[in-house]
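In: Here's a sequence, model it:
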Amino acid sequence: MEYKLQPSPALTLRSLGGVLEFLVCFGVTPNDVIIEYTQTIGRPEIPPYWSLGLHESTLARDAEQTLDAHRKAAIPLDVLHVRSQEHDGEWDVTVMRYALAKAIKSLHLAGGHAMVSLKPYIRVDADDEIVRSVYQDGLWKDIFVKWPAVYGNSTDIVPDTLGPSSTLFGYDSSKRLVAFVDFFQPIAGEWWEAWLNQLRKQIPWDGFVLEDNEPAALTSKSETTVGLVCPKNSTLESPKYSPSAVDVWNSKEATNLLSDETICMVALHKIENATYRHYDVHNIYGHSQAVSTKNAIWKLTGKRGFLISDSSFAGTGTVAGAWFKTSLKESVPTAIRQSIISALEFNLFGMTAAGGSAEVFPVNASDCIKWQVFTTFHILAKSVVTSCSMDSNTASFAPVRKAIDTRFLLLPYLYTLFFHGLMEGEAIYRPLFFEYGTKLHNRNVLDIDDQFFWGSGVMFAPSLENNPTRSVYFPHDTFYQIDSGMKIVGDTRRKPVDMPENQMAVFLRAGYIIPTQPRLGAMSTSAARRNPFSLLIALHEHSDGSAVANGNLFWDDGESLDTVEKRDYMSWVIFNKWQEGNFSRSLLDYDVERNLIKNLTDNLTFGSLVVYGFDCSESPGITLRLDGRPLTMDRDNYSLHFEQEHKLLTIKLTVPFSQSFKLEIM
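Out: Numbering: from 1, shown residues only. Model prediction:
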């Protein structure tokens with residue numbers, strides 16, 4: 001099937017056949033539509049907290065070098081993606097085990113986690129004894145994709161690709177034979193779990209990156225090239241109408257069959273007691289591997305684990321995240337806009353844990369830093385320390401460290417958004433028109449592709465050009481710059497904003513309280529989770545002079561299964577208001593609604609409160625009361641700082657994180 005958007009607006013669908021069932025989701029707002037859609041396909045999971053740190057990919061043989069590069073650059077690294085290089089034989093477990101043993105031990109000691117790349121197949125002639133025995137067990141259990149019996153003696157296929165019991169053999173990128181797992185069979189899921197358990201004994205993984213699970217396969221372009229050959233006379237391989245995607249996906253040397261670069265459409269899968277052709281299940285093959293892998297992670301570790309899948313379908317976001325690739329061949333500003341659109345699309349599809357990855361990195365150091373700063377604020381953030389040719393110890397790398405500090409600061413807020421995504425189905429990474437409809441704003445809000453929101457409370461505007469300012473669209477609302485506290489009243493037009501080179505402009509939306517936790521030099525999220533919390537309170541002013549803001553937090557151990565269902569979490573709601581008489585008086589009401597993890601929260605504290613838009617011009621001074629008790633600086637060891645120009649009040653005060661309290665500011 002293919003589709004085309006028409007300017008009417010309209011949608012044109014073309015299908016080769018079959019039964020079409022349409023589910024139409026309605027809503028007053030775009031977010032209402034996403035809520036209804038995710039209710040149908042499944043709500044996105046809450047990922048482990050560590051998956052929201054920085055990721056980096058490396059070959060197994062380069063793992064220690066990658067860790068060293070991040071240490072020298074003082075860049076925290078939470079997740080190391082370890083991939084093999086098949087033509088060097090690194091896919092074999094024994095080789096990878098020795099290459100990774102020291103690196104993964106070092107990573108775990110520093111609070112990091114390892115994710116291993118996996119293919120949807122297994123080698124049939126592996127040099128490694130473990131892999132050979134796992135393959136033989138798969139043959140015995142009959143869990144591989146098969147050829148139809150009619151091709152048993154056919155000259156339409158390459159004899160080498162016909163394995164025992166009609167197993168379909170393909171070729172990996174090193175041109176060695178592989179058998180594809182039929183993940184639709186329950187017994188295949190059990191076999192896959194046993195294989196991952198074997199792997200865990202050799203390589204202590206924390207999650208996986210599922211690669212080439214479209215599934216991708218090396219197909220023969222001519223009689224002289226090695227690859228899988230599919231029967232050209234089959235109407236499944238060569239239908240009367242060729243979808244346009246075939247021409248886009250395939251190379252110039254392709255045969256224009258539906259099976260180019262994948263396995264044959266006539267291949268057979270077992271689902272329950274029925275047999276299906278690959279033609280019928282191709283689009284959900286990767287999804288089936290993701291589900292089988294996540295089930296195995298849950299059973300083998302008793303924790304959430306994390307999973308990235310190259311291929312996805314409606315509902316894959318319930319078990320996996322994704323990297324989407326952006327080409328940097330044209331220009332970084334163009335790539336940033338394209339990457340924002342991709343991130344928004346993945347969130348619309350219910351796959352909230354998604355992040356951008358570059359196909360080709362720029363040779364210019366400034367452009368590389370600009371790209372790193374931007375991608376730091378995707379939901380999943382990828383490090384480019386080892387991908388860009390630059391000295392990470394130079395002063396020019398400072399914007400990257402600043403961006404990482406800001407990301408870590410906002411992680412409690414981002415993690416809470418995942419909780420709301422699970423409970424209500426709301427998108428996390430949002431376009432501006434999700435928050436501001438065209439009824440109150442001009443239609444230009446629909447065209448904003450260089451800004452985005454996390455939830456409803458934080459707006460981002462990345463650096464595009466090497467200019468000291470950039471034009472930022474501000475909806476009809478009030479915003480505060482997160483660093484300076486400068487207040488900006490929007491009027492649905494663009495305004496020039498100071499933009500230091502290669503930095504991200506971050507704005508707090510008035511009316512929201514954002515829970516934060518500064519990095520304070522921590523080199524992993526697990527270390528940062530022990531730091532004091534802070535509250536960023538962005539006041540929304542009413543015409544009568546009163547002001548209000550509210551917020552909430554979800555907090556658990558960051559990795560256990562079913563913490564929401566078991567209620568093993570802590571949540572709080574905060575309200576901040578009001579003005580009384582001739583003098584300003586504010587009440588911060590911190591209400592712990594639930595806390596069944598006191599052992600995790602009793603040692604945590606709040607270290608500071610920052611109030612944006614706090615007007616105390618009519619007050620002779622500022623005093624504090626905690627639960628009705630007046631505070632003194634000597635006895636209670638707190639400090640105040642008020643910045644008059646931007647009306648920014650900072651309170652340094654240690655308050656228990658796990659207990660409700662009321663703080664009056666007078």
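In: In its sheet, which strands sit next to the longest strand seen in the chain, and in what direction?
Out: For the chain, the longest strand by residue count, based on DSSP state E, is strand 583-595. Within its sheet, strand 583-595 is paired with strand 570-580 (antiparallel), strand 661-665 (antiparallel), according to DSSP bridges.
In: of all those strands, which has the lowest average per-residue confidence?
Out: Of all those, strand 570-580 carries the lowest average pLDDT, namely a mean of 75.
In: Flag every buried residue along it.
Out: Residues of strand 570-580 classed as buried: Met570, Ser571, Trp572, Ile574, Phe575, Asn576, Lys577, Gln579 (neighbour count, 16 or more other Cβ atoms under 10 Å). Every C-beta, even on glycine, is put in place using the N, C-alpha and C of the backbone.
In: residues in contact with the helix or strand where Gly356 lies?
Out: In this structure, Gly356 sits in strand 354-358 according to DSSP states H and E. Strand 354-358 has contacts (Cβ atoms under 8 Å, 6 or more residues apart in numbering) with 55, 321-328, 335, 339, 342-343, 346-347, 371, 374-375, 378-382, 384, 387, 429.
In: ok, it: who's next to it in the sheet?
Out: Per DSSP bridges, strand 354-358 is paired in its sheet with strand 322-326 (parallel).
In: and the partner strand, how far out from the chain's middle?
Out: Put simply, strand 322-326 sits 10 Å off its chain's centre (Cα atoms, centre = their mean, to the nearest Å).
In: What's the first helix or strand after it?
Out: helix 332-348.
In: Can you tell me, leaving aside adjacent residues, what's nearest to Glu501?
Out: Asn466 (5.7 Å; Cβ to Cβ, 6 or more residues apart in numbering).
In: check which helix or strand covers the one you found.
Out: Here Asn466 is assigned to no helix or strand, by DSSP H and E.
In: what sits against it?
Out: Counting by Cβ under 8 Å, 6+ apart, Asn466 has contacts Ser366, Glu501, Asn502.
In: Determine the number of other residues adjacent to the second one.
Out: In terms of burial, Glu501 registers 15 neighbours under the definition other Cβ atoms under 10 Å.
In: show me what contacts it?
Out: Ser366, Pro399, Ser463, Asn466, Pro468.
In: where does the second one land in three-state SS?
Out: Pointing back at Pro399 there. helix (DSSP: H, G, I helix; E, B strand; the rest coil).
In: Wait, Tyr413 touches Pro515, no?
Out: Yes: Tyr413 is in contact with Pro515 according to Cβ atoms under 8 Å; the separation is 5.6 Å.
In: Quick check: neighbours shared by these two?
Out: Counting by Cβ under 8 Å, 6+ apart, the residues touching both Tyr413 and Pro515 are Leu553.
In: Flag the shaky bits of the stretch 101-250 of the chain, pLDDT-wise.
Out: 220-225, 245-250 (pLDDT under 70).
In: any chance you could map the strands in it?
Out: Secondary structure of the stretch 101-250 of the chain by DSSP state E, counting those that start in this stretch: the strands cover 113-118, 121-123, 169-171, 177-180, 207-210.
In: what do you get for the stretch 401-550 of the chain?
Out: Under DSSP E, counting those that start in this stretch, the stretch 401-550 of the chain gives strands at 429-430, 452-454, 458-462, 469-474, 478-481, 487-489, 493-498, 504-509, 512-516, 533-538, 540-541, 547-555.
In: Next, the angle strand 504-509 makes with the fourth one.
Out: Looking back up the chat, that one is strand 469-474. Interaxial angle, strand 469-474 versus strand 504-509 (axes from the mean of the first three to the mean of the last three Cα atoms, to 10 degrees): 30 degrees.
In: Check the offset of strand 469-474 from the chain's centre.
Out: Worked out by Cα atoms, centre = their mean, strand 469-474 lies 26 Å from the chain centre.
In: which residues are contacting it?
Out: 432, 444-445, 448, 451, 461, 463-464, 488-499, 505, 507.
In: Met265 is in contact with Tyr276, isn't it?
Out: No: counting by Cβ under 8 Å, Met265 sits too far from Tyr276 to count as a contact (11.2 Å).
In: More neighbours: those two, which one.
Out: Met265 (21 against 15).
In: which residues sit in contact with the more buried one?
Out: Counting by Cβ under 8 Å, 6+ apart, Met265 has contacts Cys230, Ser234, Leu236, Glu237, Leu257, Leu258, Ser259, Arg277, His278, Tyr279, His282.
In: Thr352 now?
Out: Here Thr352 is in contact with Pro44, Gly317, Gly321, Phe346, Ile379, Phe418, Gly421, Ala427, Ile428, Tyr429 (criterion: Cβ under 8 Å, 6+ apart).
In: and the fourth one, how many neighbours?
Out: Neighbour count for Phe346, taken as other Cβ under 10 Å: 26.
In: coming back round to it: if any of the contacts of strand 469-474 are buried, give me the PyMOL selection for them.
Out: Entered in PyMOL, the line below selects the buried ones among the contacts of strand 469-474, by 16+ other Cβ under 10 Å:
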select buried, resi 432+445+448+451+461+463+464+488+490+497+499+505+507
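In: circling back: now render the contacts of Thr352 as a markdown table, adding distance to Thr29 and pLDDT.
Out: Below are the contacts of Thr352 laid out as a markdown table (distance: Cβ to Cβ, whole Å; pLDDT from 0 to 100):
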| residue | distance to Thr29 | pLDDT |
| --- | --- | --- |
| Pro44 | 19 | 94 |
| Gly317 | 20 | 96 |
| Gly321 | 25 | 97 |
| Phe346 | 19 | 95 |
| Ile379 | 21 | 97 |
| Phe418 | 20 | 97 |
| Gly421 | 16 | 95 |
| Ala427 | 11 | 92 |
| Ile428 | 16 | 96 |
| Tyr429 | 16 | 96 |
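In: got CSV for those, with distance to Ala354 too?
Out: Listed next are the contacts of Thr352 as CSV, based on distance: Cβ to Cβ, whole Å:
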residue, distance to Ala354
Pro44, 10
Gly317, 8
Gly321, 6
Phe346, 4
Ile379, 6
Phe418, 12
Gly421, 12
Ala427, 11
Ile428, 10
Tyr429, 8
